[in-house]
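Engineer: here is a sequence with its predicted model. Questions after.
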Amino acid sequence: MDSLEQIREEAEERKEEMEGIDGFSDEVAVKSREIGATKDTFVEQGAVRAVIDGTLRRPHMGWWRCVFLILGDILGTGILAIPSGLASMGWVLGLLFLFVMCAVFIYCGVLLAKMRLIFPYIRTYGDLGYEIFGFWGRWAVYVVQYSNMYLALPVYLLVASTALREAVSPNSCLIIWMFVNSGILLCLLQTRTLKFMAWYSVVGTACIVVTLVISIVQICIDASTSTTHGQVVSSTGFENGLVGSGDIIFAYSGIYIFIEFMDEMKKPSDFPKAIYTADLILLFCYSFIGILGYAVYGVPVVNPITSALSAGKVKRVANGFLWIHVLISYIVTGLVFNRAVAVRFVKKSVDDFSPKGIIVWFLVTLASTGLTLLLNIFFPYLSDIESLLGTLFSPITGFIYPPLFYWKCAGSKMSLKHKFVAAFVIIVFGVAYTVLGTYGTIYSIVQNVGATPLLYKCLYKK
């Protein structure tokens, strides 16, 4: 374990980073006075708190590697749902919503980055909630954040299993491939830090790029026989439009683990560079594949778009690369989730690589992977879960908490224009959309009850 002196040196480096950013040295001084300490004492308290928390920072990533980490976590299942999302909303509302969401997520991501510099020792989104609103702030974040994070795992497992089945044996029973993927994921989750995941995400990003290139080529081929070009305004109904907007928000979501990403950066102050770069790449990719897919396949387009491709070897290869990418997305999200669970219940074993620590970590990952598998098997509405994540949890963690926390943290320093933007994001995209979007998604789930058979029933077919 690193010495306390090393941690204090690291905290001093974080303080220098903060003082190099306009306005933040004043904000740190304000927060320091609130707890009755000087800036130096404030930083030292942060260093001590890092030791008490039981796990230590191991900064290693540059901002460019963080871009791959963000893309590896977000780009994949999200982009494959964009054509379906546009089909539910129509050309005008769909494309407008796609661009607006990019701007809003960049804004809220930058706010998180600023607050991470004000509180350089925080390691999770929940830690930020605690620093600003105390005990209830921490748990308000944890309940939403980890519910969001955990419910994303069954979606990843479903998409990965579907892709593997399409690549190997399209007519086989899906549940078999879910068991196969669960075993693979359980082994890969034994890696405990994001250090290796950043490099895995490079591979994951490369795989989704290959998948998209193959899909684009096949979509262009299918365009020769297409007779539809989509609808200017969707005729699928208000509720389905809300479900489609949830798919688009889900495609951008991932903000709930940004602080964990910053925790492993050499210079957290560079994180805004990663946000701008990653989100602009996402916007370009989403717009391109969304426009192309919706124009060729029209309203009937399915999610994921790879399932809409004409059958053949090309479709199998595309799904093979998609499988690798989604596995990596699961690992990145699952790793953060499992570490959070371990810190709450078996803190001493989080960084313990003794035989006992290895066994404890294995049991934690076994429990989460097993529950994810069971949810997939006995709750067959996972396409709606993806929309629910986008309409319920993502707006809270992405649109409500960042501006609300920042307003509380630096309210007196914020301009009237900045306060107006923050209030607009909270009320319109946070509160209003959460209510309407959740209504639309629950309506869709109720409508689909009984329409999808339980997955294990395919094992009994003759």
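Structural biologist: Received, thanks. Numbers count the residues shown, from 1 in each chain.
Engineer: would you list the phi and psi of residue 257?
Structural biologist: phi -120, psi 20 (degrees, to the nearest 10).
Engineer: next, the contact list for residue 156, please.
Structural biologist: 77, 326, 327, 329, 330, 333 (CB atoms under 8 Å, 6 or more residues apart in numbering). Where C-beta positions appear, they are placed from N, C-alpha and C, glycine not excepted.
Engineer: among those, name the ones in strands.
Structural biologist: Among those, no member falls in strands (DSSP state E).
Engineer: so after the host helix or strand of residue 199, what's the next helix or strand?
Structural biologist: Per DSSP states H and E: residue 199 is located in helix 194-222. Next along the chain after helix 194-222, taking DSSP H and E as the criterion, comes helix 238-252.
Engineer: by contact count, what packs against the very next helix or strand once past that following helix?
Structural biologist: Once the chain leaves helix 238-252, the next helix or strand it forms, by DSSP H and E, is helix 258-263. Contact partners of helix 258-263 among helices and strands, from 3 or more CB pairs under 8 Å, 6 or more residues apart in numbering; DSSP states H and E: helix 63-74, helix 91-118, helix 125-168, helix 271-297.
Engineer: what's the nearest residue to residue 349 if we skip its chain neighbours?
Structural biologist: Of all residues not flanking residue 349 in the chain, residue 360 sits nearest, at 4.0 Å (CB to CB, 6 or more residues apart in numbering).
Engineer: sorry, that was for residue 252
Structural biologist: residue 105 (4.7 Å).
Engineer: quick one: the one you found and residue 251 touch, right?
Structural biologist: No - if you go by CB atoms under 8 Å, residue 105 and residue 251 don't touch, sitting 10.0 Å apart.
Engineer: just to revisit the earlier point, so what's the residue nearest to residue 349 up against?
Structural biologist: Counted by CB under 8 Å, 6+ apart, residue 360 has contacts 342, 346, 349, 352.
Engineer: which phi and psi values does the second one adopt?
Structural biologist: What it means is residue 346. phi -140, psi 60.
Engineer: equivalent analysis for the third one, please.
Structural biologist: Main-chain dihedrals, residue 349, degrees, to the nearest 10: phi -100, psi 0.
Engineer: just checking, it touches residue 339?
Structural biologist: No - with contacts counted by CB under 8 Å, residue 349 stays clear of residue 339, the gap being 10.8 Å.
Engineer: how far away is the closest residue to residue 297 other than its chain neighbours from residue 420?
Structural biologist: In space, and not counting its chain neighbours, residue 297 is closest to residue 308: 5.2 Å by CB to CB, 6+ apart. Distance, residue 308 to residue 420, using CB to CB, to the nearest Å: 42 Å.
Engineer: of these two, who's got more company?
Structural biologist: Using other CB atoms under 10 Å, the more surrounded residue of residue 308 and residue 420 is residue 308, with 21 against 11.
Engineer: I'd say that one and residue 299 touch.
Structural biologist: No - the pair residue 308 / residue 299 is not scored as a contact, 11.8 Å apart, by CB under 8 Å.
Engineer: so what touches the helix or strand where residue 420 lies?
Structural biologist: Residue 420 belongs to helix 416-424 when assigned by DSSP H and E. Helix 416-424 is contacted from outside by 107, 403, 404, 406, 407, 411, 414, using CB under 8 Å, 6+ apart.
Engineer: tally of neighbours for the nearest residue to the fourth one once chain neighbours are set aside?
Structural biologist: If I follow you right, that is residue 406. Sequence neighbours aside, residue 111 is the residue nearest to residue 406 in space, at 4.5 Å (criterion: CB to CB, 6+ apart). Using other CB under 10 Å, residue 111 is surrounded by 24 other residues.
Engineer: what of residue 99?
Structural biologist: Around residue 99 there are 12 residues (other CB under 10 Å).
Engineer: go ahead and confirm it touches residue 283.
Structural biologist: Yes - shown here, residue 99 and residue 283 form a contact pair, counting by CB under 8 Å, at 6.9 Å.
Engineer: okay, the nearest residue to residue 214 once chain neighbours are set aside: pLDDT?
Structural biologist: Excluding the flanking residues, the one nearest residue 214 by CB to CB, 6+ apart is residue 318, at 4.1 Å. Per-residue confidence (pLDDT) for residue 318: 86.
Engineer: kindly report the same for the one 5 residues further on.
Structural biologist: For residue 323, the pLDDT comes out at 91.
Engineer: mind telling me what element it is part of?
Structural biologist: Counting by DSSP H and E, residue 323 is part of helix 313-345.
Engineer: okay, buried residues for stretch 233-252 please.
Structural biologist: 234, 239-252 (16 or more other CB atoms under 10 Å).
Engineer: then stretch 278-286?
Structural biologist: Buried, per 16+ other CB under 10 Å, within stretch 278-286: 278, 279, 281, 282, 283, 285, 286.
Engineer: export those as JSON lines, with columns for distance to residue 427 and pLDDT.
Structural biologist: Below are those laid out as JSON lines (distance: CB to CB, whole Å; pLDDT from 0 to 100):
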{"residue": "278", "distance to residue 427": "27", "pLDDT": "92"}
{"residue": "279", "distance to residue 427": "22", "pLDDT": "92"}
{"residue": "281", "distance to residue 427": "29", "pLDDT": "91"}
{"residue": "282", "distance to residue 427": "25", "pLDDT": "91"}
{"residue": "283", "distance to residue 427": "24", "pLDDT": "93"}
{"residue": "285", "distance to residue 427": "30", "pLDDT": "88"}
{"residue": "286", "distance to residue 427": "25", "pLDDT": "92"}
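Engineer: distance to residue 139 added to these, as JSON lines?
Structural biologist: Shown next, in JSON lines, are the buried residues of stretch 278-286 (distance: CB to CB, whole Å):
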{"residue": "278", "distance to residue 139": "29"}
{"residue": "279", "distance to residue 139": "29"}
{"residue": "281", "distance to residue 139": "34"}
{"residue": "282", "distance to residue 139": "30"}
{"residue": "283", "distance to residue 139": "34"}
{"residue": "285", "distance to residue 139": "36"}
{"residue": "286", "distance to residue 139": "33"}
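Engineer: just give me the closest of those residues to residue 94.
Structural biologist: The nearest member of the buried residues of stretch 278-286 to residue 94, counting by CB to CB, is residue 286 at 10.5 Å.
Engineer: ok, that closest one - contacts?
Structural biologist: 78, 79, 82, 98, 248, 251.
Engineer: can you give me the separation between the nearest residue to the first one once chain neighbours are set aside and residue 86?
Structural biologist: Across the structure, with CB to CB, 6+ apart as the measure, the residue nearest residue 78 apart from its sequence neighbours is residue 251 (3.0 Å). For residue 251, the distance to residue 86 equals 11 Å [CB to CB].
Engineer: with residue 346 instead?
Structural biologist: 45 Å.
Engineer: pLDDT score for the residue positioned nearest the centre of the chain?
Structural biologist: Nearest to the geometric centre of the chain sits residue 254, at 2.4 Å (CA atoms, centre = their mean). Note on residue 254: pLDDT of 77.
Engineer: right, and it touches residue 69 too?
Structural biologist: No - using CB under 8 Å, residue 254 is not in contact with residue 69; the gap is 9.7 Å.
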